[in-house]
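J.: what would the 3D arrangement of this be:
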Amino acid sequence: LAIVKKLEGTLKLTEEQKKATAELYAEADVVNKNLNFLSSYFKDAGLPTAAISSLKKNLKRGNIEGALLKIEGVKQFVLAHEAALEEHGMAPGFATVLDNYKVSMTTKNTTENAIMNSRKELTDANITQYDALLKMIRTICSKGKLVFKDTVYEDEYVMSKVVTRMRAVKD
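T.: Model prediction:
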């Protein structure tokens with residue numbers, strides 16, 4: 001029980017993951033807003049906006065991996081039609097801006113995934129100790145029921161009552 005009480009909790013990793021996710025989605029929102037301008041330039045130049053709309057949907061839905069794949073396609077299309085888009089107001093070098101977003105979001109997405117994997121590994125490592133404790137409790141309960149059969153102490157060796165006694169007080 002003492003070992004289990006000292007096991008590292010996932011709260012720190014959970015907070016790190018929340019922060020990483022918030023940063024990633026905040027950047028996705030910025031990209032999404034900038035794509036509104038790009039979409040406007042596409043319309044003015046008579047170019048199809050379906051790829052931008054699809055990218056925006058992925059960003060809005062939080063499908064970062066899908067969005068990262070689509071950013072590359074949009075960037076290549078922007079490069080292919082850069083002159084026409086610049087004639088309609090697009091800033092020069094917008095393809096580089098898209099590429100910078102892609103790199104930044106990829107880094108943030110990788111960080112988020114690494115934290116999620118760390119939480120899984122921590123849970124995996126801790127489960128061994130929890131299993132050992134559970135086995136010990138089961139043994140104690142079964143032996144205690146035999147030893148204290150038909151006494152007032154017999155109900156103290158019921159698994160649910162033992163677990164209730166071991167639980168930490170809720171805040």
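J.: could you use CA atoms for every contact and neighbour count after this?
T.: Will do.
J.: phi, psi for Thr123 please.
T.: phi -60, psi -40 (degrees, to the nearest 10).
J.: run the chain-centre distance for the helix or strand where Val97 lies.
T.: Here Val97, judged by DSSP states H and E, is contained in helix 94-147. Averaging C-alpha positions (Cα atoms, centre = their mean, to the nearest Å) puts helix 94-147 12 Å from its chain's average.
J.: name the next helix or strand downstream of that helix, please.
T.: helix 159-166.
J.: Phe42 against Pro48, yeah?
T.: Yes: in terms of Cα atoms under 8 Å, Phe42 counts as a neighbour of Pro48; the distance is 6.7 Å.
J.: comparing those two, which residue is more hemmed in?
T.: Phe42 (20 against 11; other Cα atoms under 10 Å).
J.: angle of the helix or strand harbouring the more buried one against helix 94-147?
T.: Using DSSP H and E, Phe42 sits within helix 11-45. Relative orientation of helix 11-45 and helix 94-147, computed by axes from the mean of the first three to the mean of the last three Cα atoms, to 10 degrees: 150 degrees.
J.: what angle sits between the helix holding Val97 and helix 159-166?
T.: Put simply, helix 94-147 runs at 120 degrees to helix 159-166, going by the same axes, to 10 degrees.
J.: what residues sit buried inside the helix or strand following the helix holding Phe42?
T.: Note on helix 11-45: by DSSP H and E, the next helix or strand toward the C-terminus is helix 50-61. Neighbour-count burial for helix 50-61, with 16 or more other Cα atoms under 10 Å as criterion, is recorded at Ile52, Leu55, Lys56, Asn58, Leu59.
J.: other SSEs contacting the helix holding Phe42?
T.: Judged by 3 or more Cα pairs under 8 Å, 6 or more residues apart in numbering; DSSP states H and E, the packing partners of helix 11-45 are helix 50-61, helix 82-87, helix 94-147.
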